[in-house]
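**Student:** here are the coordinates; sequence isn't available:
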């Protein structure tokens, strides 16, 4: 199935659903710089809400009486999902709002997104996540210092993921976390392609970003135990780097002292390609192509 058949633009960029301006017009108005600016801004919005809510729940919540008074896992899942929705609305018109290097790679493999744009998009996404994490780190300086003066694994999860969310009572290894990231990201891509494919049954009224946010909420509620559902290399690496540069010396390791940062990078790339392949194999190849309707299916033009 070609990218035209998928209902997306010929360069495979749109994840927001609905009609897009012609490619030449978009390039004339913004160019690659505009696309990268949109990816930076959209990913920054995503992380401001995502890491922000975890900082509120983990650091701020540790200081309430009783502890845990500023939210829980459900509020974290909802804020991450809403962060995705708002980030997509910010970036969709200019770049298609990938906000995730794994999404960008999957679109390059299956939807005709130009490979020469993959690395620039990924760098913009990581940069947006990095800057957002620095803002969260700055804003929650006092809470993080009070809750965890040594800036240890206790609050490292504010910025980046850990196997079993740092819980040593649940013996998840790096390989178990890698499995989790592959599965979670495969689910994400299969569903993203399903709700943005105009030849399927996409949501109308520009609601695709909201539905994509709900997908992330659902993944967080169902697939958050083993590895914290990073499902996005930029979401994890950018904030991890920001935390390392601002006092978290163990940022690259898990609670067992093992090098861990590679897991939420490698796993999502594998899972994204797998999920997109599953959509194409199970659904996409059976959808009708964008061909003219047969006679009688649409009103004939009035020639009077």
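**Tutor:** Now that the structure is in, tell me what you want to look at. Since we're looking at a predicted model, the values are computed, not measured.
**Student:** residue 279 is in contact with residue 190, correct?
**Tutor:** Yes. Assessed by CB atoms under 8 Å, residue 190 is found in contact with residue 279 at 4.7 Å. From N, CA and C alone the C-beta is placed, and that goes for glycine too.
**Student:** where exactly do the strands run in the stretch 1-150 of the chain?
**Tutor:** Secondary structure of the stretch 1-150 of the chain (DSSP state E, counting those that start in this stretch): no strands present.
**Student:** again with the stretch 151-300 of the chain
**Tutor:** In the stretch 151-300 of the chain, no segments count as strands under DSSP E, counting those that start in this stretch.
**Student:** quick one: low-confidence parts of it?
**Tutor:** Applying pLDDT under 70 to the stretch 151-300 of the chain flags residues 290-300.
**Student:** quick one: the helices in it?
**Tutor:** For the stretch 151-300 of the chain, the helices defined by DSSP state H, counting those that start in this stretch cover 153-156, 174-196, 208-222, 233-245, 263-282.
**Student:** tilt between the second one and helix 208-222?
**Tutor:** Between the direction of helix 174-196 and that of helix 208-222, the angle (axes from the mean of the first three to the mean of the last three CA atoms, to 10 degrees) works out to 150 degrees.
**Student:** so where's the stretch 1-150 of the chain uncertain?
**Tutor:** The stretch 1-150 of the chain contains residues with pLDDT under 70 at 1-30.
**Student:** same thing but at 50, please
**Tutor:** Regions of the stretch 1-150 of the chain meeting the criterion pLDDT under 50 cover residues 1-10, 18-19, 21, 23, 27.
**Student:** so which of the helices of the stretch 151-300 of the chain is nearest residue 93?
**Tutor:** Among the helices of the stretch 151-300 of the chain, the nearest to residue 93 by CB to CB is helix 208-222 (11.2 Å).
**Student:** which residues are contacting the closest one?
**Tutor:** The contact list for helix 208-222 (CB atoms under 8 Å, 6 or more residues apart in numbering) reads 15-18, 73-74, 76-78, 80-86, 88-89, 92, 97, 184, 187-188, 191-192, 195-196, 202-203, 229, 231.
**Student:** what subset of the residues you listed is buried?
**Tutor:** Buried by 16 or more other CB atoms under 10 Å: 15-18, 76-78, 80-86, 88-89, 92, 97, 184, 187-188, 191-192, 195-196, 202, 229, 231, out of the contacts of helix 208-222.
**Student:** coming back round to it: so which of the helices of the stretch 151-300 of the chain is the most packed in?
**Tutor:** Per residue and on average, the most neighbours among those fall to helix 233-245, with a mean of 25 (mean count of other CB atoms under 10 Å).
**Student:** the inter-axis angle of that helix versus helix 263-282?
**Tutor:** 180 degrees.
**Student:** just checking, what packs against helix 233-245?
**Tutor:** For helix 233-245, the packing partners by 3 or more CB pairs under 8 Å, 6 or more residues apart in numbering; DSSP states H and E come out as helix 31-55, helix 101-110, helix 118-139, helix 263-282.
**Student:** flag every buried residue along the longest one.
**Tutor:** What that stands for is helix 31-55. Residues of helix 31-55 classed as buried: 35-55 (neighbour count, 16+ other CB under 10 Å).
**Student:** ok, the closest residue to residue 162 other than its chain neighbours - how many residues close by?
**Tutor:** Excluding its sequence neighbours, the residue lying closest to residue 162 (CB to CB, 6 or more residues apart in numbering) is residue 254, at 5.3 Å. Residue 254 has 23 neighbours, counted by other CB atoms under 10 Å.
**Student:** now swap in residue 169 and tell me
**Tutor:** Residue 169 has 5 neighbours, counted by other CB under 10 Å.
**Student:** residues in contact with residue 46?
**Tutor:** 80, 83-84, 86-87, 99, 128-129, 132, 235.
**Student:** and it, how far is that from residue 39?
**Tutor:** Distance from residue 46 to residue 39, counting by CB to CB, to the nearest Å: 11 Å.
**Student:** distance of residue 195 from residue 209?
**Tutor:** Applying CB to CB to residue 195 and residue 209 gives a distance of 10 Å.
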